Every structure is written in C-alpha cells, then in structure tokens.
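Asker: sequence and predicted structure are below.
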Amino acid sequence: MNKAFTREPDGDDEDDELEPSLKLPQGTRNYITPGGYARIKEELDHLLRTERPHIVDVVHWAALNGDRSENGDYIYGKRRLREIDRRIRFLTKRLDLAEVVDPARQENADQVFFGATVTLCDEQGAEQRYQIVGVDETDFARGRISWISPLARALLKSRESDQVRFQSPAGWREVEVVAIEYLSIDP
C-alpha cells in the first residue's frame, strides 16, 4: 500500500506517553517557578523560531529533489517535524496550565510550601537539601524535587524540627526538618 494512505498517530495522546513523574494529578494546576516558566518559554520560542523553520526548509528542499519514498532527508525531516510539533503542543499546554509561584515572595516562611528549600536529617544523621519545584523543573541531581513527589507531599505544611514520615521506593522513611528557606530558583 502507498504510504500516502496509511494513518500515523497524530500525537493527541501525548499525556499517555509521559513518564509518571511528569504527569499532573487530574484537576490540579501546573505550579512552576519563574525560572522554570522562563526555561519552558525559551525552549518553545527556540522550537518555533529556529528549529522548526530550519526543518521545514530541509523538507521543502528534499521534496523538490523528486522521489520522496527513498529520500532520507524528506523522510527523516518529516519525522523530526512531527516530533517538534508534538513538543510544541506539549509545551503550549504546560504554559497554558502554568501558575507561576515565586518562592522569594512567600509570606509564611516558617512552613514548607511550594518553592521551599528544605534541609532534612535522616535516621543515620545525614543531611540532604531539597527544593520543592514544579514537575517540569525536577532535577534530582541538583536537589530539585517535584511538589507531587511523596517526599514533597509529606513535607508540605511542616515546620522546623518536625518529624516527617513518607513512603520512599526503599520503604517507609522518617526525616527531620532542620531548616526551611525560600530562595529565588536559578535557571
């Protein structure tokens, strides 16, 4: 059968393809810091203004070369164009749902809320420091955890010296809140 008559997925079910850590709970807002919002906006602008027009030019040039069925530039260009369009739709949806929360403006700084940087002490006495951020900003290597993660949910509304118990992949753990800070998040 000719490829022109086959149906390819149009990408409307991209939320089903997301890894669980990036899915937002049904009916919740996409809380995000100003730095995270700027990074997503920057990526979207780059895709729209730079990368997509370049790929469109490549596909146009490849289409002018004739037989498209064996034209690698055309085939891979069209595939890349679909990937870019899928990412643009995803980022646009995320920005539409985004509710920007600036941690530096938090008034109730003695409790843990979105944007807090929390220093914890575990059962062995080791200290860890985590910043509670939006799902699109999560970076465990930099100590940034999503506000929907089990640890962050357990920490919400806690105060310094509170004992917090949460379910981790290794089982139930208990940590003590040592310090709470609200800092601007670097991009």
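Answerer: Cool, got the structure.
Asker: any idea which helix is longest in this structure?
Answerer: helix 72-97 (DSSP state H).
Asker: for the next helix or strand after it, which strands pair with it and how are they oriented?
Answerer: Sequence order places strand 98-100 as the next helix or strand after helix 72-97, per DSSP states H and E. Using DSSP bridges, strand 98-100 pairs in its sheet with strand 30-32 (parallel).
Asker: can you point out the buried residues in the helix or strand following the partner strand?
Answerer: Beyond strand 30-32 on the C-terminal side, the first helix or strand identified by DSSP H and E is helix 34-46. By 16 or more other C-beta atoms under 10 Å, the buried positions in helix 34-46 come out as 34-37, 40, 44. All C-beta spots, glycine's among them, are computed from the backbone N, C-alpha and C.
Asker: got CSV for these, with distance to S168 too?
Answerer: Formatted as CSV, the buried residues of helix 34-46 follow (distance: C-beta to C-beta, whole Å):
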residue, distance to S168
P34, 30
G35, 27
G36, 24
Y37, 29
I40, 28
L44, 34
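Asker: dump those residues to TSV, plus distance to E176 and pLDDT.
Answerer: Below are the buried residues of helix 34-46 laid out as TSV (distance: C-beta to C-beta, whole Å; pLDDT from 0 to 100):
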residue	distance to E176	pLDDT
P34	30	92
G35	28	91
G36	28	92
Y37	32	94
I40	34	95
L44	40	97
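Asker: out of those residues, who's nearest Y130?
Answerer: If you rank those by distance to Y130 using C-beta to C-beta, G36 comes first, at 15.5 Å.
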